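Asker: structure for this input, please:
(one chain, ligands or ions: 1)
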Amino acid sequence: MSTIEAEVDSLRAEALEELARADSEAEQDVWRAQWLGRKDGRLTLHLRSLKDAPPEQRAAFGKSLNDLKATLEGELEARREAARAAAIAALSTEAVLDVTLPGRPQSLGRLHPVTQTMNDCIDAFADMGFQVFEGPEVEWARYNFDAVRIPEDHPARDMWDTIWIDTLIDGERNMLLRTHTSPNQIRVMEQSDPPMRVIVPGKCYRQEATDATHEWMLTQIEGLAVDEGVRMSDLKGALYAFARRLFGDERQIIFHHSYFPFVEPGVEMAIDCFLCRADGSNCRTCHGTGWIEILGAGMVHPEIIENAGYDSSRYTGFAFGVGIERVAMLRWGIEDIRHFYQNDLRFLRQF
Ligand code: DAH
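Answerer: Now for the predicted structure:
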């Protein structure tokens with residue numbers, strides 16, 4: 001072997017051995033600069049020194065060096081490829097990111113069962129031609145009580161244990177959280193003239209010890225219809241149609257006589273208890289009566305019609321106030337009203 005070949009062979013061996021140790025792309029870059037760098041790569045320097053070689057050896061030496069250069073460039077490219085492939089393989093085996101996995105499903109929210117029931121009740125009355133009106137939750141005592149014929153010191157005020165607003169206005173404590181939606185009967189009559197058919201949905205508040213059928217916050221829908229010739233049978237017809245739509249034909253509906261200062265006569269409508277099926281004995285949900293009251297109603301008191309500025313010998317009206325939580329309990333067989341506002345997702349996800 002000529003000295004030239006021997007020299008090129010040892011250069012090749014050395015260069016390839018170093019390249020074999022350069023695993024990362026960064027190490028390979030360093031190797032490239034050391035061996036093939038334009039300015040002072042070792043192979044480049046050898047090529048540049050060709051001109052000093054004895055003229056008879058120059059051609060053969062040049063060819064060997066150029067062959068070596070091609071070999072080294074080829075090997076470098078192969079190592080680069082291998083390094084890239086290894087990096088990709090590492091990514092997928094470490095499962096850092098598997099783009100083929102299905103996405104995580106977004107959990108969908110849903111309407112609260114009381115909201116769902118509220119919407120269904122509104123639809124039922126809206127289909128009978130009632131318009132929807134809204135009133136304030138913080139209400140004047142004047143509307144909540146006096147205007148609906150519950151003057152101060154009237155024993156009927158005890159029916160609504162009130163959460164008062166502490167602030168005194170004109171030296172008096174006269175604002176409260178409305179205890180029912182009935183003040184909106186007055187608000188509606190102030191703003192419009194008969195014939196009218198409106199419903200007013202909303203939250204109400206009571207200072208009350210809670211039990212299976214009583215909560216301190218509750219949802220009602222107030223209803224009011226005033227026109228010439230409105231009669232008790234119209235009230236009954238509307239409420240029957242409402243109950244049949246929400247509960248179906250199977251449930252029993254009963255009207256009891258009742259007293260509310262703003263109606264005369266007054267009634268309560270109840271549905272047979274879903275737990276004891278109107279049997280009543282020892283039933284906690286219906287308090288042993290067999291029936292669950294869902295609304296109060298009656299013929300609007302003539303004094304209220306007159307106070308609104310309408311002639312009570314010409315106009316009559318009916319009114320009702322539905323307890324939405326009660327309706328929801330009956331629909332789904334929920335035995336305790338307190339479930340609704342405890343925010344327990346295990347309960348709420350069922351509806
Ligand atoms: N406001 C009554 C309550 O909360 C319910 C009620 C009874 C509303 C009779 C009415 C009615 O409109 O006529 O207990």
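Asker: now stretch 303-319: how far from the chain's centre is it?
Answerer: Taking Cα atoms, centre = their mean, to the nearest Å, one finds the center of stretch 303-319 at 43 Å from the center of the full chain.
Asker: gap between the two ends of that stretch?
Answerer: Using Cα to Cα, to the nearest Å, the end-to-end distance of stretch 303-319 comes to 14 Å.
Asker: buried set for that stretch?
Answerer: 304-305, 307-308, 310, 312, 315-319 (16 or more other Cβ atoms under 10 Å). Yep, even glycine has a C-beta here, placed from its N, CA and C like the rest.
Asker: can you give me the mean pLDDT across it?
Answerer: Across stretch 303-319, pLDDT averages out at 97.
Asker: in stretch 13-28, what counts as buried?
Answerer: Buried residues in stretch 13-28 (16+ other Cβ under 10 Å): 15, 19, 22, 28.
Asker: beta partners for the closest residue to Phe320 other than its chain neighbours?
Answerer: Distances taken as Cβ to Cβ, 6 or more residues apart in numbering put Ala297 closest to Phe320, at 3.6 Å, once the chain neighbours are dropped. For Ala297, the beta-bridge partners are Val267, Phe320 (DSSP bridges).
Asker: say whether the ligand is contacted by stretch 294-314.
Answerer: Yes - using Cβ under 6 Å from any ligand atom, stretch 294-314 comes into contact with the ligand via 296-298.
Asker: how close does Gly296 sit to Lys69?
Answerer: Shown here: Gly296 relative to Lys69, a distance of 101 Å by Cβ to Cβ, to the nearest Å.
Asker: pick out whichever of these two has more residues nearby.
Answerer: Gly296 (22 against 18; other Cβ atoms under 10 Å).
Asker: show me the contacts for that one.
Answerer: Going by Cβ atoms under 8 Å, 6 or more residues apart in numbering, Gly296 touches 258, 260, 263, 266-268, 320-321.
Asker: most widely separated two among the buried residues of stretch 303-319?
Answerer: Greatest spacing in the buried residues of stretch 303-319, by Cβ to Cβ: Asn307 and Phe318 (17.0 Å).
Asker: so what does the top strand by length along the chain touch, helix or strand wise?
Answerer: In the chain, ranked by residue count with DSSP state E as the criterion, the top strand is strand 217-228. Here strand 217-228 touches helix 113-127, helix 183-191, strand 196-205, helix 232-247, strand 291-300, strand 315-323, helix 324-332, going by 3 or more Cβ pairs under 8 Å, 6 or more residues apart in numbering; DSSP states H and E.
Asker: tilt between the following helix or strand past the longest one and helix 232-247?
Answerer: This points to helix 232-247. For helix 232-247, the following helix or strand on the C-terminal side (DSSP states H and E) is strand 253-258. Relative orientation of strand 253-258 versus helix 232-247 (axes from the mean of the first three to the mean of the last three Cα atoms, to 10 degrees): 130 degrees.
Asker: ok, strand 253-258: who's next to it in the sheet?
Answerer: strand 263-272 (antiparallel).
Asker: and the contacts of the partner strand?
Answerer: Identification of contacts with strand 263-272 by Cβ under 8 Å, 6+ apart yields 232, 239, 243, 247, 251-260, 278, 290-302, 319, 330.
Asker: anything in it near the ligand?
Answerer: Yes - using Cβ under 6 Å from any ligand atom, strand 263-272 reaches the ligand at 263, 266.
Asker: try stretch 123-134
Answerer: No - residues of stretch 123-134 are not located near the ligand by Cβ under 6 Å from any ligand atom, the shortest gap being 13.0 Å.
Asker: list the buried ones in that stretch?
Answerer: Under the neighbour-count criterion of 16+ other Cβ under 10 Å, stretch 123-134 has 124-125, 130, 133 buried.
Asker: ok, now stretch 274-281?
Answerer: Buried, per 16+ other Cβ under 10 Å, within stretch 274-281: 274-276, 278, 280.
Asker: how about the residues of the stretch 51-200 of the chain near the ligand?
Answerer: 180, 182.
Asker: and the residue in the stretch 51-200 of the chain that the ligand sits nearest to, which of the three is it?
Answerer: Closest to the ligand within the stretch 51-200 of the chain is His180: 3.2 Å, counting by Cβ to the nearest ligand atom. Following DSSP: H, G, I helix; E, B strand; the rest coil, the label given to His180 is coil.
Asker: many thanks, we can stop here.
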